[in-house]
Every structure is written in C-alpha cells, then in structure tokens.
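Participant: give me coordinates for this.
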Amino acid sequence: MSEFKFDALCIGNAITDVFSHVEDSFLVEQSLVKGSMRLVDTDEALRLYDLMGQTTRISGGSAGNTAAGIASLGGAPAFIGKVAADEVGDVYRHDMNSIGAHFNTGPLRDDLASGRSMILITPDGERTMNTYLGAATKLTAFDIDRDVVANSAITYMEGYLWDEEAAKNAFLEASRIAHEAGQLVSLSLSDSFCVDRFRDEFLELIQEDKVDILFANEHELKALYQTSDIETAIAMVREDCTLTALTLGSEGAMAISREETVHVPASAIIGGVRDLTGAGDLFASGFLFGLARDFSLSDCAELGCLCAGEVISHVGARPEKPLNQIAEQTGFTLKA
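Facilitator: This is a model prediction of the structure:
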C-alpha cells in the first residue's frame, strides 16, 4: 500500500438519500404507490422535496457507499461522482470528505439539481422511494482526475455508469489511465436489469481486459451468461475474467481466478437481517481493501462478508459501527 495514495478510487452516481417520516395520507395525497420505487424528473423532485418537511439526509450511491466502507476500515478511498452547485451537493461533498474519502470532482453548473432519492417512511416502516438522478448522470471524461487514478491501487466503477454515453466514456478513460499506470480496474455489474441492457458491452470489457476484477451477485452473473446454472456461469467467467468476486447471499461469497477458487461462509448477523440495502457495496469495500493490502483471496472474501454483515444488520446502506474495530475483533490485522 505504501506505493499508493489511495486503496481504491470509486467512481459512480452521487446520490443523497433523503428520509422523511410521513403518514399514509401523504402518499394518498401525492398519488404515490406505497412501497414502490420510481424515477422522477427535476420538477417533481423539487416539488416533492419541498413537501417532505423535516428530513434526514445521508450521502449514498453504490460506489459512494463502497468508498465509505473502505474509510470505515481505516483505508484511504477516493471518489469521483457528479453533484450540482446546490445545498444537497455541498452536503454530499462535505460528507464524503468528512469520512476520509477524497472527493474533488467539480460541480455541475446548469439547470439540473444534485441527485437524491426521497424515501418516505410510513408508520409501519414501509419505504416509498422517489429517485432523481439529476447531476449524477452528467459525469464525463473531463471529470476523471488522472493523478487520482494513477495513485489508486484499484479503480472501481459502477455498471450503472453505462446508462449515459458521457459517463461510459469517463469509465473507459479511467480504465485506460489506470492500466497505463500499471493499476487494476474493477467493475460492479450493479443489478440484473443493468446486465440485460449492456450484456455484450460488459462481456467485451472483461474479455478485452479493460476490466481486471468483476463484482457480481449470483443473479447478475447468471444474467451475464444467460444461464440458470450458477456453476456454468462460474466456469465461463473463470475463462473471461482475471478475478471475480461473487456474492451468494446467505451462502457467503466466492473469489474466482484462473488459478484458484475460494468459497467463504456468510458472516453471522447479530440480531438478524434488517435491511439488505448496501450489502454488495460493502462487500466490495472489504474485498477491495484486502486486495489493495495484499490479503489472500480467502481473506479478501471473508472481510467482504464481514462488512456486508454489518450493513445488513441495520437500516441504511452505510456502516453504523467502525468496520476496522469489527474486523480487528474478528482477527484481521488491518494496519499497513
């Protein structure tokens, strides 16, 4: 790690989660389907935001959550994502830097507001989500900081970036810079629907070695290879990709390389599973941290499961307890 300033650079959509407790009548008044998730435009986002009353804001987004997990492990993450020059964007920037994640992407200055997911919580605990991507979709190759990429052991990117042509170019530029500097590039498949939209392009990325490390869950990997058999998918990705980190829910996780395959069990969840949001993001935190610190593949996967286990034990997609303390109590030595 002494060679690098950052364990990992995480690139993705900068989204702030905005929580508000409302009565069921509020959902009826706003014609919202309880428990649903919808994408909203700028006007609807700002209108609903103004009606929500008292809110709790937590900086989120898949890659942002991964960066937060690395910071909680005592690592040095960096983050690249787009926010607007507005209050929500300023808070997001402050939050990321305050947890120890380097974030200096220039703000967007046009009519789009910063991305946010407005989460309405009714008295029964049900969540109704209204997501506005906004400025997050405007990441471009000009936002890729060459020095940050070159000084990161691993560059990690969301598959969601592939939805926008400019963000796709940013992904490819970051990959090019990282490989020129001799560093590793990783991709999270993000979700099965994302895989269905961009299957051929994702396969091309790993088959042409533009991506060295693939992160996926069981459903995403089977979708990538269009098979219902996980063993078939594993055999195929072993041929295509240098290293794959595969999460299997309650069955734990696997690290798959051309030389070896390891399978580790899921971590015990004290108090049971409360919210699966962020499980894959935090698994990536532990795995990337371990890989940057030259841990064995088995230890990388175990640390990933430990981080995922913490985040699913409570509501919210970022760790509540310091992950470095949990890991060290479990027997990991995390210091460089």
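
Participant: now do the strands in the stretch 51-200 of the chain.
Facilitator: 56-60, 77-80, 116-121, 127-132, 152-158, 184-188 (DSSP state E, counting those that start in this stretch).

Participant: quick one, which of these is nearest to Gly278?
Facilitator: When these are compared by Cβ to Cβ, strand 56-60 sits nearest Gly278, at 8.2 Å. Every C-beta, even on glycine, is put in place using the N, C-alpha and C of the backbone.

Participant: distance from stretch 237-257 to the middle of the chain?
Facilitator: 17 Å (Cα atoms, centre = their mean, to the nearest Å).

Participant: no no, stretch 59-68
Facilitator: 5 Å.

Participant: can you check the pLDDT for Ala336?
Facilitator: pLDDT, Ala336: 57.

Participant: burial of the nearest residue to Val148 once chain neighbours are set aside, as a residue count?
Facilitator: Nearest non-adjacent residue to Val148, counting by Cβ to Cβ, 6 or more residues apart in numbering: Ala78, 5.1 Å away. Using other Cβ atoms under 10 Å, Ala78 has 25 neighbouring residues.

Participant: which ones are touching Ala78?
Facilitator: By Cβ atoms under 8 Å, 6 or more residues apart in numbering, the contact set of Ala78 is Phe6, Ala8, Leu9, Cys10, Ala67, Ala101, His102, Phe103, Val148, Ser152.

Participant: just to revisit the earlier point, now the strands of the stretch 51-200 of the chain as a markdown table including mean pLDDT and distance to Gly290?
Facilitator: Shown next, in a markdown table, are those (pLDDT from 0 to 100; distance: least, Cβ to Cβ, whole Å):
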| stretch | mean pLDDT | distance to Gly290 |
| --- | --- | --- |
| strand 56-60 | 85 | 23 |
| strand 77-80 | 97 | 14 |
| strand 116-121 | 88 | 29 |
| strand 127-132 | 86 | 31 |
| strand 152-158 | 96 | 11 |
| strand 184-188 | 97 | 13 |
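
Participant: nearest to Thr333, of those strands?
Facilitator: strand 152-158 (17.9 Å).

Participant: show me where the chain has helices.
Facilitator: 24-29, 42-51, 62-72, 87-98, 146-150, 165-180, 192-207, 218-224, 230-240, 279-292, 297-311, 323-330 (DSSP state H).

Participant: show me what the second one is packed against.
Facilitator: Helices and strands touching helix 42-51, as assessed by 3 or more Cβ pairs under 8 Å, 6 or more residues apart in numbering; DSSP states H and E, comprise strand 116-121, strand 127-132.

Participant: in its sheet, what does the last one sit against?
Facilitator: Partners of strand 127-132 in the sheet, by DSSP bridges, are strand 37-39 (parallel), strand 116-121 (antiparallel).

Participant: and Arg197, how many neighbours?
Facilitator: Arg197 - counted by other Cβ under 10 Å - has 13 other residues nearby.

Participant: tabulate the contacts of Ala78 (TSV), appending neighbour count and distance to Arg127.
Facilitator: As requested, the contacts of Ala78 are arranged in TSV below (neighbours: other Cβ atoms under 10 Å; distance: Cβ to Cβ, whole Å):
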residue	neighbour count	distance to Arg127
Phe6	25	33
Ala8	31	29
Leu9	33	31
Cys10	36	25
Ala67	37	24
Ala101	23	26
His102	20	31
Phe103	23	27
Val148	22	34
Ser152	28	34
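
Participant: among those, find me the one that's closest to Arg258.
Facilitator: Ala8 (22.5 Å).

Participant: re earlier: export the strands of the stretch 51-200 of the chain as TSV, with columns for distance to Ile312.
Facilitator: Below are those laid out as TSV (distance: least, Cβ to Cβ, whole Å):
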stretch	distance to Ile312
strand 56-60	15
strand 77-80	21
strand 116-121	17
strand 127-132	15
strand 152-158	20
strand 184-188	17
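
Participant: roughly how far apart are Leu297 and Ala150?
Facilitator: Distance of Leu297 to Ala150, given as Cβ to Cβ, to the nearest Å: 25 Å.

Participant: hmm, back to that, can I get the contacts of Ala78 in a markdown table with distance to Ile119?
Facilitator: Output for the contacts of Ala78, formatted as a markdown table (distance: Cβ to Cβ, whole Å):
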| residue | distance to Ile119 |
| --- | --- |
| Phe6 | 30 |
| Ala8 | 27 |
| Leu9 | 28 |
| Cys10 | 22 |
| Ala67 | 21 |
| Ala101 | 22 |
| His102 | 27 |
| Phe103 | 23 |
| Val148 | 31 |
| Ser152 | 31 |
